[in-house]
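>>> Pasting a predicted model and its sequence here:
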Amino acid sequence: MKKYFYIIRLQFLGFRFHGWQRQQDVKTLQGHVEKTLRFVLGSGNSKVLGSGRTDARVSANNFPMELFTKEEIINMEEFLVTFNLNLPNDIKALSIVETNDSFNIINNSKVKEYLYFFSFGTKNHPFAA
């Protein structure tokens with residue numbers, strides 16, 4: 001059976017998650033994304049790999065992940081709409097593009113940028129942890 005490879009860019013507010021990587025007994029971004037993909041694709045024949053791991057409560061503006069699946073996504077725009085409708089409100093899929101089996105989201109990443117927001121004073125900035 002043929003395999004298909006896609007890069008999906010996510011945006012998320014991480015305050016209620018214990019990071020990207022799936023863990024037992026806690027809410028993770030990967031866990032929610034995989035659960036939603038099983039529902040949207042109608043099977044458990046998919047895996048995801050994030051471009052890196054995040055700490056608990058970390059948010060991202062543009063987090064790429066790789067989707068490996070046996071289900072071909074014929075209409076990517078329609079998939080993106082359906083995927084977003086079924087994701088929790090604090091996770092959003094920004095885009096999806098097809099790639100190939102020689103691409104690796106971890107090894108082929110060129111740049112990673114981190115921004116840290118700190119607060120001081122009587123009232124915290126909404127983006128500050």
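Ah, there it is.

>>> Kindly list the longest helix within the protein.
Ranked by number of residues, the top helix in the chain under DSSP state H is helix 29-41.

>>> what comes into contact with that one?
The contact list for helix 29-41, computed with C-beta atoms under 8 Å, 6 or more residues apart in numbering, reads 10, 12, 14, 17, 19-23, 44, 46-48, 50, 54, 65, 67, 69, 71, 79, 82-83, 86-88, 91. To be clear about C-beta, it is placed using only N, CA and C from the backbone, and glycine gets the same treatment.

>>> One more: stretch 13-21?
26-30, 32, 50, 52-60, 63, 90-91.

>>> got it, and stretch 95-107?
So stretch 95-107 is contacted by 3-9, 49-52, 64-67, 73, 76, 79-80 (C-beta under 8 Å, 6+ apart).

>>> buried residues in it?
Buried residues in stretch 95-107, counted by 16 or more other C-beta atoms under 10 Å: Ile96, Ile105.

>>> on that earlier part again, tell me the first helix or strand C-terminal of the longest helix of the chain.
As assigned by DSSP states H and E, the chain's next helix or strand after helix 29-41 is strand 46-50.

>>> Return the alpha-carbon coordinates of that next one using CSV.
Taking Å, rounded to 0.1, in the frame of the first residue of the first chain, the C-alpha atoms of strand 46-50 are listed here in CSV:
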residue,chain,number,x,y,z
SER,A,46,-1.3,7.7,10.3
LYS,A,47,1.6,9.0,12.4
VAL,A,48,2.9,12.4,13.1
LEU,A,49,6.4,13.8,13.9
GLY,A,50,6.9,17.3,15.2
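
>>> Done for today, thanks.
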